[in-house]
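Asker: I need the structure of the sequence given here:
(4 chains)
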Protein chains: 2
Amino acid sequence: MKTDACTRQHDVYDASCPCRQLLDLLANKWSALALGALEDGPRRFGALRDRLDGVSPKVLTATLRRLEEQGLIDRTVYPSVPLHVEYSLTALGEDACAPLAALREWAVANIDRFPALTGAA
Amino acid sequence: MKTDACTRQHDVYDASCPCRQLLDLLANKWSALALGALEDGPRRFGALRDRLDGVSPKVLTATLRRLEEQGLIDRTVYPSVPLHVEYSLTALGEDACAPLAALREWAVANIDRFPALTGAA
DNA sequence: GGATCCTAGTTCCCTTTGGGTACTACGATG
DNA sequence: CATCGTAGTACCCAAAGGGAACTAGGATCC
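Answerer: Take a look at the predicted model:
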């Protein structure tokens, strides 16, 4: 019974439902890795860049800004010298970590079932 | 102890590990939706296009091809007239559905906590 | 026999996103 | 006064996403 923009019940299969946008935010390689990297405590920008092997500073900034806008992470600036910035999970971000961790773990646990990716024997 | 290209243990945080590529494949809006759409049985191209509201045929084709290449779905052509093609989950695809379903469900269940997306009051 | 319909795409083109490298800002430090 | 370290931004190019129109090939309608 979707009237216009998914007012009553929510459905990721409805393009106009806000939860579709939320799925788009979360179902993203860098988001999944960034939130996971913050699971065991706050990290600074440089630490995240190192942990998320292969991410460029530009893309990392964009990812973090998007997560911050949606209230999944907090960005705290310590005006020390040299300036440093700490990213940490909000309560909401912590909650979102569970399904993302499951996805990451599934990938690790089942990678051997993907011959095309492992350059199979 | 990563030697070269993630030979020993697997880690999604290692850019050269194949499971990073797997994460990239699964942590994707259209992959998550397409696999979910096949959970309760095979569907034809047109049915998927309708269900994945907002997807263009081009992107749907690309998504399905990628999933097929990795062995997550099967593509069966019925040379009836008009030709029709059925997509279905493989055993591997069914297994992958669990974490993806969890992610989709989390999005639906928690969307109200995202004021910026719901155009909050 | 010709027009029309159906399905499952493909093609074209444009916009958005991703990505790499280099550069900036800022004060401390040598 | 040059250099370092941190957290980015700027620039430019490549890849992916996305919309609309078009293709193929037989069936069905008139």
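Asker: list the contacts for A:His10?
Answerer: The neighbourhood of A:His10, defined by C-beta atoms under 8 Å, 6 or more residues apart in numbering or on different chains, consists of A:Cys17, A:Pro18, A:Cys19, B:Val108, B:Ile111. Using the backbone N, CA and C atoms, a C-beta is placed for each residue, glycine as well.
Asker: what residues does the helix or strand hosting the fourth one touch?
Answerer: So the one you mean is B:Val108. In the assignment (DSSP states H and E), B:Val108 maps to helix B:91-110. Contacts with helix B:91-110, where a contact means C-beta under 8 Å, 6+ apart, come from A:10-12, A:19, A:22-23, A:26-27, A:92, A:95-96, A:98-100, A:102-103, A:105-106, A:110, A:113-114, B:26, B:31-33, B:35-36, B:38-39, B:67, B:71-73, B:89.
Asker: do the same with stretch A:37-55
Answerer: With C-beta under 8 Å, 6+ apart as the criterion, stretch A:37-55 contacts A:30, A:33-34, A:57, A:60, A:63-64, A:73, A:76, A:84-89, A:93-94, A:97, A:101, B:13-16, B:20.
Asker: From those, list the buried ones, please.
Answerer: Buried residues within these, counting neighbours by 16 or more other C-beta atoms under 10 Å in any protein chain shown: A:30, A:33-34, A:60, A:63-64, A:73, A:85-87, A:89, A:93, A:97, B:13-14, B:20.
Asker: In helices only, show me the residues you listed.
Answerer: Judged by DSSP state H, the buried ones among the contacts of stretch A:37-55 include A:Trp30, A:Leu33, A:Ala34, A:Leu60, A:Thr63, A:Leu64, A:Gly93, A:Cys97, B:Arg20 as members of helices.
Asker: Quick one: name the residues of chain A near DNA strand C.
Answerer: Selection of chain A residues close to DNA strand C by C-beta under 7 Å from any atom of the strand yields A:Asn28, A:Trp30, A:Gly54, A:Val55, A:Ser56, A:Pro57, A:Lys58, A:Val59, A:Ala62, A:Val81, A:Pro82, A:Leu83.
Asker: Right, I'll leave it there.
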